[in-house]
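In: Give me the fold of what follows.
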Amino acid sequence: MPDLKTEYLGLSLKNPLVASSSPLTEDVGALRRMEDAGLAAVVLHSLFEEQISAERGTLEQDLAKGTESFAEALSYFPELDEYVLGGEEYLELIRAAKESVGIPIIGSLNGTTRGGWLDYAKMIEDAGADALELNIYRIPTDPNRSGADVEQGYVDLVKSVRGAIKIPLAIKLGLHFSSIPNMAKRLAEAGANGLVLFNRFYQPDIDLESLEVVSNLVPSTRQELRQRLHWIAVLCGRVEADLALTGGVRTSEDVIKAMMVGARVAMTTCGLLERGIGHATEVISGISAWMEENEYDSVQQMQGSMSQRSVADPASYERANYLKVLRTPHPEFPLA
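Out: Here you go, the predicted structure:
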């Protein structure tokens, strides 16, 4: 029987399949079902910087600035009562989860600035979370702010959180950096124990009838997996942080590919939403069956076996692969 155990953020996990942050993970009953289905750990849904600011009475006045000029702009902002749990309820969820399930519980903070909301990092630790995932989602819009300044903001934020807690810290970030490897290295040096790749870039739409900005949340697809596989393969062995893949994970094959390029865990949400929490059992069984058929004794034996850490010049390797793809005939688009 293959050994499915892996280590992530210093936590010993029974297998590499983890439930990522989503509405599914805001209910203790669902967490119990996830444990029963075989999931190795759970990332709770995020506590947002805006929620904490709202509780402290500072958000509404910040959001209202400038909106009197264009009424349509108001539709960009969510109603504050749309948030499910506030700060204290979130901490209580962590306490209840730790009493109810035996798998690791990872808290999640979602924010972009340094401020009083970061006090909750310590509160999450004190409530019993085994680790913390910091979800940094910010789209730069100021043309006077340089890329270097934006990146330094990320680093400073990570240092602030790292200084507040002792539990392991993972950073979930997007891919819009001029040098992802350098950014990953700087975040690890700032105190990140893990990197979760990648945050999805959500793009709202416009309803021309109501003249409102509307949410347009499209489930992740397996096509998104390739981008994540690519960058984890590049980063494996080159940054001092555990790597987690999230986005597009639905099947045992997806998890196996993530392990091959160097991920410690693969995180999933859409697969569970579409097929039910019990789908995790099928995925885990599929991993074990594939490993047995291909004579792999352990997940750790697979991890990083198809990464770029053994490539002397990764940049030249990438360039060569690029040229090969462009010059390889496709049955639907033959070369002239």
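
In: Just give the nearest non-adjacent residue to F177, would you?
Out: Closest residue in space to F177, ignoring its immediate chain neighbours: M183 at 4.5 Å, by C-beta to C-beta, 6 or more residues apart in numbering. Quick note: C-beta positions are derived from backbone N, CA and C, even for glycine.

In: Quick check: that neighbour vs V196, distance?
Out: 13 Å (C-beta to C-beta, to the nearest Å).

In: quick one: which of these two has more around it?
Out: For M183 versus V196, the count of surrounding residues by other C-beta atoms under 10 Å is larger for V196: 29 against 19.

In: helices or strands next to the longest helix that the chain contains in the packing?
Out: Identified as the longest helix of the chain according to DSSP state H is helix 147-164. Helices and strands touching helix 147-164, by 3 or more C-beta pairs under 8 Å, 6 or more residues apart in numbering; DSSP states H and E, are helix 119-126, strand 131-135, strand 169-173, helix 180-189.

In: For that helix, list every residue counted as buried.
Out: Neighbour-count burial for helix 147-164, counted by 16 or more other C-beta atoms under 10 Å, picks out 151, 153-155, 157-162, 164.

In: Where does pLDDT dip in the stretch 101-250 of the chain?
Out: 202, 216-219 (pLDDT under 70).

In: ok, 90 please
Out: 111-118, 136-141, 175-176, 199-207, 209-224 (pLDDT under 90).

In: Was I right to think I124 contacts D130?
Out: No: applying C-beta atoms under 8 Å, one finds I124 not in contact with D130, separated by 10.3 Å.

In: Let me see the contact set for A30.
Out: Listed by C-beta atoms under 8 Å, 6 or more residues apart in numbering, the contact set of A30 reads 24, 277.

In: Run a quick check on A244 versus A263, I expect a contact.
Out: Yes: the pair A244 / A263 is scored as a contact, 6.0 Å apart, by C-beta under 8 Å.

In: With neighbour numbers in mind, choose between those two.
Out: Neighbour tally, A244 and A263, criterion other C-beta under 10 Å: the higher count belongs to A263, 31 against 26.

In: how close does that one get to M34?
Out: A263 is 19 Å from M34, by C-beta to C-beta.

In: so how many other residues sit close to T141?
Out: When neighbours are defined as other C-beta under 10 Å, T141 has 6 of them.

In: what about it, helix or strand, and which?
Out: According to DSSP states H and E, T141 maps onto no helix or strand at all.

In: how much space between A37 and I94?
Out: Counting by C-beta to C-beta, the gap from A37 to I94 is 21 Å.

In: Compare neighbour counts for those two and give me the winner.
Out: I94 (22 against 19).

In: Check which element follows the host helix or strand of that one along the chain.
Out: Remark: I94 resides in helix 87-100, with elements defined by DSSP H and E. Per DSSP H and E, helix 87-100 leads on to strand 105-110 as the next helix or strand towards the C-terminus.
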